[in-house]
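# Sequence first, predicted model second:
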Amino acid sequence: MSAKQPTVFVPHGAGPCFFMDWSPADAWDKMAAYLRGIRDTLPEPPKAILMVSAHWLEDEFRVTSGSNPELIYDYYGFPAHTYQLTYPAPGEPVLAQQVVELLRNAGLAAAGDDERGFDHGMFIPLKLMFPEAEIPVVQLSLRYDMAPEAHLQAGRALALLREQGVLIVGSGMSFHNMQGYRDSRFGPISDQFDAWLKQTVESDPATCWQGLNDWAQAPMARLCHPPRAEEHLIPLMVVAGAAGEDRGRHVFSDRVLETTLSGYRFG
């Protein structure tokens, strides 16, 4: 028997930020410490990880189904050594097929992809969370339409995987406006949205799901996640849906690049 795993939404930082020099030098230290500490909060090591990354969008849900996906260095303009980072976690084709079937059974179009690799929304945070790369990983895409309800529904369809010891991780950012980073005017803006997000996630599940479905109406929502660029928030929808009746908790927050960035856990 496996212990039931929680679901988590983690900020994954800026590109390979944890593995390079930054100014100021300690900018990402608290986030890195939070990511490194997640493993110790779990009931047991996960049997597998289902990673929902902000950096993979498709017309329908797609799932990595290869046995040994390669890494995709989908960040630009960073030091040369960051394109040599490794994370040789195996894939898990059997789990991938189960994910596809669960989504299809819920009326959601889904397919496996045995050629897709792991993008940096997967391997950058997991290098901190599980540095040995020994746990099999399957990555789930978002949909291009970024419809909140569809992603909440996908999470609900996948919730039973938690009972099998699968850790479901949403990898994104609670604030992601590229024009807002390093702009002090966006500090109070990010604070307002962050306060709303915390209250919403920590509500009872029905209230949480409704709030996330209507997230674009939240205070400062579109300044924190501009239209058609909300992909860094949408993994939270999958994580919240997969939480079932487990209430969410705000478990991390830090001020980085003049904005507030947060992490959440359900269960």
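Arrived safely, thanks for sending.

# Am I right that Arg62 sits in a helix?
No - counting by DSSP: H, G, I helix; E, B strand; the rest coil, Arg62 is not found in a helix; it is strand.

# For it, which non-adjacent residue is closest in space?
Ser141 (4.3 Å; C-beta to C-beta, 6 or more residues apart in numbering). C-beta coordinates here come from the backbone N, C-alpha and C atoms, glycine included.

# so that neighbour sits right up against Ala54, yeah?
No - look at Ser141 against Ala54 with C-beta atoms under 8 Å: they stay out of range, at 10.2 Å.

# Next, Arg116: phi, psi?
phi -70, psi 140 (degrees, to the nearest 10).

# Now do it against Ala110, distance only.
Remark: distance between Arg116 and Ala110 (C-beta to C-beta, to the nearest Å) = 13 Å.

# any residues in contact with both of the two?
The contact sets of Arg116 and Ala110 overlap at Arg62 (C-beta atoms under 8 Å, 6 or more residues apart in numbering).

# For Thr64, which residues are in contact?
Counted by C-beta under 8 Å, 6+ apart, Thr64 has contacts Gly91, Ala96, Gly112, Asp113, Asp114, Arg116, Gly117, Phe118, Val137, Val138, Gln139.

# got CSV for these, with distance to Ser253 too?
As requested, the contacts of Thr64 are exported to CSV (distance: C-beta to C-beta, whole Å):
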residue, distance to Ser253
Gly91, 33
Ala96, 33
Gly112, 36
Asp113, 34
Asp114, 38
Arg116, 32
Gly117, 31
Phe118, 27
Val137, 26
Val138, 29
Gln139, 26
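
# Just the buried subset of these, written out for PyMOL, thanks.
A single PyMOL command is used to select the members of these judged buried by 16 or more other C-beta atoms under 10 Å:
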select buried, resi 91+96+112+113+116+117+118+137+138+139
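
# Among the contacts of Thr64, find me the one that's closest to Ala216.
Gln139 (25.8 Å; C-beta to C-beta).

# How about the contacts made by that closest one?
Gln139 neighbours (C-beta under 8 Å, 6+ apart): Leu50, Met51, Val52, Ser53, Trp56, Val63, Thr64, Pro69, Arg116, Phe118, Asp119, Met122.

# Out of those residues, name the ones that lie in helices.
Among these, DSSP state H puts Met122 in helices.

# Return the members of the contacts of Gln139 classed as buried.
Using 16+ other C-beta under 10 Å, the buried ones in these are Leu50, Met51, Val52, Ser53, Trp56, Val63, Thr64, Pro69, Arg116, Phe118, Asp119, Met122.

# hang on, the last one packs against Leu50?
The reference is to Met122. No - judged on C-beta under 8 Å, Met122 makes no contact with Leu50 at a distance of 10.5 Å.

# Now do the shared contacts for those two.
Listed as contacting both Met122 and Leu50 by C-beta under 8 Å, 6+ apart are Val137, Gln139.

# got the contact list for stretch 145-162?
Against stretch 145-162 from outside (C-beta under 8 Å, 6+ apart): 4-7, 50, 57, 61, 95, 98-99, 102-103, 105-106, 108, 140, 142-143, 168, 209, 212-215, 228, 230-231, 234-235, 237-244, 267.

# Sort out for me which of those residues are in strands.
Thr7, Leu50, Leu57, Phe61, Leu140, Leu142, Arg143, Ile168 (DSSP state E).

# export these to a markdown table and tack on pLDDT?
Formatted as a markdown table, those follow (pLDDT from 0 to 100):
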| residue | pLDDT |
| --- | --- |
| Thr7 | 98 |
| Leu50 | 99 |
| Leu57 | 98 |
| Phe61 | 98 |
| Leu140 | 98 |
| Leu142 | 98 |
| Arg143 | 98 |
| Ile168 | 99 |
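
# Give me the PyMOL select line for those residues, limited to the buried ones.
Buried subset of the ones in strands among the contacts of stretch 145-162, written as a PyMOL selection, criterion 16+ other C-beta under 10 Å:
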select buried, resi 7+50+61+140+142+143+168
